[in-house]
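> Return a 3D structure for these sequence lines:
(3 chains)
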Amino acid sequence: MSILADEFYLRADVVSISRELLGKVLSTRIDGVLTRAVITETEAYAGVTDKASHAYGGKRTNRTEPMFGTGGIAYVYLCYGIHHLFNVVTNVEGTPHAVLIRAGSPLEGIDVMLERRQKKAIDEKLLGGPGSLAKAMGITTSLSGASLQDDQVWIEDHRIDILPGNIIVSPRVGIDYAEEDVLRPYRFRARIPSVTN
DNA sequence: CGAATGATATACT
DNA sequence: GTATATCATTCGA
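Coordinates of the predicted model:
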């Protein structure tokens, strides 16, 4: 088991990073409480050339500022006034690429996740969407800009192998405003969320 | 299927 | 400074 280093995030190909994050373990420590989940779904957002990205055309605002920072930090924002969405910033400073973590499979701190989600039992909805995942793991906008080498949120490699045949590639969802970029095959799902310790 | 719900961007005064 | 439209969604009917 090892923590993904800055070099992992600093690479240029956000689509490859997005695919490689499948099977990695997202960990958070919020108020001293540890939770872990295996990442099973991601989406790539390719910066200034991608109409689905908040940073399309180099639009730089207070909210999107972390995306323009160096690879290896978090970008969290509030969507629909209700949901916190967690992204990993990639590429070098000034190139606003990011990977949205869309779904996971619970690994550690499950009782805490259930409590945060007000649920009694694990089901596919516990971490089954970007808003749900962030809520279960205690992620809020206050983590936006935080380093993934810090002790609040980080990603580990548990050597969980996702075979290429078990990766489903498809267009992204919820971005109908993105015109021709709607169809970019930037969504990656692991068919079998292997959760064996 | 449709309401919920609030920060944020943008366009005004 | 104030107004208004817009969301990288979820949940319950």
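> What sits closest to the residue of chain A most remote from its centre if chain neighbours are left out?
The centre of chain A is farthest from one residue, A:Lys120, which by CA atoms, centre = their mean lies 24.9 Å away. Spatial nearest neighbour of A:Lys120, chain neighbours left out: A:Leu114 (6.7 Å); criterion: CB to CB, 6 or more residues apart in numbering. Just so you know, the C-beta spots here come from the backbone N, C-alpha and C atoms, and that holds for glycine as well.
> Could you report the distance from that neighbour to A:Thr35?
Using CB to CB, to the nearest Å, A:Leu114 is found at 11 Å from A:Thr35.
> quick one: which of those two has more around it?
The residue with more neighbours, out of A:Leu114 and A:Thr35, is A:Thr35; 24 against 16, by other CB atoms under 10 Å.
> what helix or strand is the more buried one on?
In the assignment (DSSP states H and E), A:Thr35 maps to strand A:33-46.
> how about the helix or strand following that strand: buried residues?
Sequence order places strand A:74-79 as the next helix or strand after strand A:33-46, per DSSP H and E. Buried positions in strand A:74-79, judged by neighbour count with 16 or more other CB atoms under 10 Å: A:Ala74, A:Tyr75, A:Val76, A:Tyr77.
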